[in-house]
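Student: From the sequence below, what's the structure:
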Amino acid sequence: INNTYHQKMRPLTEDETKILFQKLSDYIGRSIENLINRSDERHCFRLVKDLVYYVSEKVMKSATSISRDTILHFGTCFGKFTKSGKFRLHITALDHLSQYAKFKVWVKPNAEMSFLYGNNVLKSGLARMTELTPQFAGVIVYNMSDIPLGFGVAAQATETCKDLEPASNVVLHQADIGEYLRGMEDEIFS
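Tutor: Below is the predicted model of the structure:
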């Protein structure tokens, strides 16, 4: 494979698309089609280096008039492919994921900051959870005002959460909106 081909903006390969869609389906199920065939206009995914961007086809077509070598980023970054070929969602995909989330978790106000600092959601911080959430399902975490805070993986199924100890994990943290601030802090003070 030509290594410079992977450094430029390009469509995803069939394997990359399959890996991306598998990860997205963990959070939004069959609503992936709603991401592509939106009512306002069609969207697509493009790869720049290892980063996957979600962009409208109109912007995509406009970008074709710009040299691939000069395009750094465009659209919404959904995540990146790791060196081992896995896909890792970024927090920048949260707004799109939260619109179509299959499984949701709401945290109590006293647990919001803990989650926003990168900690797991404990049973003591759980306000409510979507019925029939299976263990290890992708979940979107909301505060009590229905504002999406991040996402993670259900450590327990809905049914087993009722019998847990207060210090037991309910959601394993993967990403949160506090990452913006922590990222900026690292840039400013390093």
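
Student: quick one: the strands in the protein?
Tutor: Counting by DSSP state E, the chain has strands at residues 10-11, 43-48, 51-56, 76-81, 87-89, 104-107, 121-122, 126-129, 138-142, 148-154, 169-176.

Student: could the ones you listed be laid out in JSON lines, adding mean pLDDT?
Tutor: As requested, the strands of the chain are exported to JSON lines (pLDDT from 0 to 100):
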{"stretch": "strand 10-11", "mean pLDDT": "88"}
{"stretch": "strand 43-48", "mean pLDDT": "90"}
{"stretch": "strand 51-56", "mean pLDDT": "93"}
{"stretch": "strand 76-81", "mean pLDDT": "94"}
{"stretch": "strand 87-89", "mean pLDDT": "95"}
{"stretch": "strand 104-107", "mean pLDDT": "98"}
{"stretch": "strand 121-122", "mean pLDDT": "98"}
{"stretch": "strand 126-129", "mean pLDDT": "96"}
{"stretch": "strand 138-142", "mean pLDDT": "98"}
{"stretch": "strand 148-154", "mean pLDDT": "97"}
{"stretch": "strand 169-176", "mean pLDDT": "97"}
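
Student: Next, format the ones you listed as TSV and append mean neighbour count and distance to Lys18.
Tutor: Every residue, glycine included, has its C-beta placed from N, CA and C. Listed next are these as TSV, based on neighbours: other C-beta atoms under 10 Å; distance: least, C-beta to C-beta, whole Å:
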stretch	mean neighbour count	distance to Lys18
strand 10-11	12	13
strand 43-48	19	12
strand 51-56	20	13
strand 76-81	19	12
strand 87-89	18	10
strand 104-107	22	26
strand 121-122	25	30
strand 126-129	18	29
strand 138-142	25	17
strand 148-154	23	20
strand 169-176	21	21
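
Student: Is it possible to get JSON lines of those strands that adds distance to Leu20?
Tutor: Formatted as JSON lines, the strands of the chain follow (distance: least, C-beta to C-beta, whole Å):
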{"stretch": "strand 10-11", "distance to Leu20": "12"}
{"stretch": "strand 43-48", "distance to Leu20": "6"}
{"stretch": "strand 51-56", "distance to Leu20": "6"}
{"stretch": "strand 76-81", "distance to Leu20": "7"}
{"stretch": "strand 87-89", "distance to Leu20": "5"}
{"stretch": "strand 104-107", "distance to Leu20": "22"}
{"stretch": "strand 121-122", "distance to Leu20": "26"}
{"stretch": "strand 126-129", "distance to Leu20": "26"}
{"stretch": "strand 138-142", "distance to Leu20": "14"}
{"stretch": "strand 148-154", "distance to Leu20": "15"}
{"stretch": "strand 169-176", "distance to Leu20": "16"}
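
Student: between these, which gets nearest to Thr70?
Tutor: strand 43-48 (11.4 Å; C-beta to C-beta).

Student: Partner strands of that closest one, with direction?
Tutor: Each strand that strand 43-48 pairs with, and the sense of that pairing, follows from DSSP bridges: strand 10-11 (antiparallel), strand 51-56 (antiparallel).

Student: That'll do, ta.
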